[in-house]
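**Q** using only what follows, build the 3D model:
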Amino acid sequence: MQQTTQLIKEKTMEITDLYYGAYLLVRGNKLDDAHLKDEGYKKQVVFCFKGEDLLKSAHEYISGRAKANVNELRGHINHLKRLTFEILNKD
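**A** Residues are numbered from 1 along each chain as shown. So this is what the prediction gives:
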């Protein structure tokens, strides 16, 4: 699986993976911004996160050791899906 993570600096991260983003929210990180990345042939919504434990949370997710409350995770997934559709429909 190709990683969609780009570390900008220690406490800020941009990702395009909705499920990864939902996990970061479950772990207490904050969604700072979401915007459309238009590469002409492909459009993606980029989620920008901030948090003190961002790198730890990212490592847990990438290494397969992520644990989360399923109901909380589902709520964040639905929130990010709605946000994604709102951003894509603005265009």
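**Q** pLDDT wise, what is Q6 at?
**A** Looking at Q6, its pLDDT reads 48.
**Q** what helix or strand does the residue positioned nearest the centre of the chain sit in?
**A** Centroid check for the chain by CA atoms, centre = their mean gives G21 as the closest residue, at 2.3 Å. Here G21, judged by DSSP states H and E, is contained in helix 18-26.
**Q** the strands in the chain, which residues?
**A** 6-9, 12-15, 30-38, 43-50 (DSSP state E).
**Q** would you list the ones you listed in TSV and tack on mean neighbour count and distance to G64?
**A** All C-beta spots, glycine's among them, are computed from the backbone N, C-alpha and C. What follows is the strands of the chain, written out as TSV (neighbours: other CB atoms under 10 Å; distance: least, CB to CB, whole Å):
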stretch	mean neighbour count	distance to G64
strand 6-9	10	19
strand 12-15	19	17
strand 30-38	13	23
strand 43-50	18	20
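**Q** between the ones you listed, which one is closest to L83.
**A** Closest of the strands of the chain to L83 is strand 30-38, at 5.5 Å (criterion: CB to CB).
**Q** circling back: mind listing what the residue nearest to the residue nearest to the centre of the chain when sequence neighbours are not counted touches?
**A** Computed as CB to CB, 6 or more residues apart in numbering, the closest residue to G21 that is not its neighbour in sequence is F47, at 4.5 Å. The neighbours of F47, taking CB atoms under 8 Å, 6 or more residues apart in numbering as the test, are 14-16, 18, 21, 31, 33-34, 80.
**Q** ok, these vs A66, which is closest?
**A** G21 (12.4 Å).
**Q** residue contacts, that closest one?
**A** Taking CB under 8 Å, 6+ apart, one finds 15, 31, 47, 49, 76, 80 in contact with G21.
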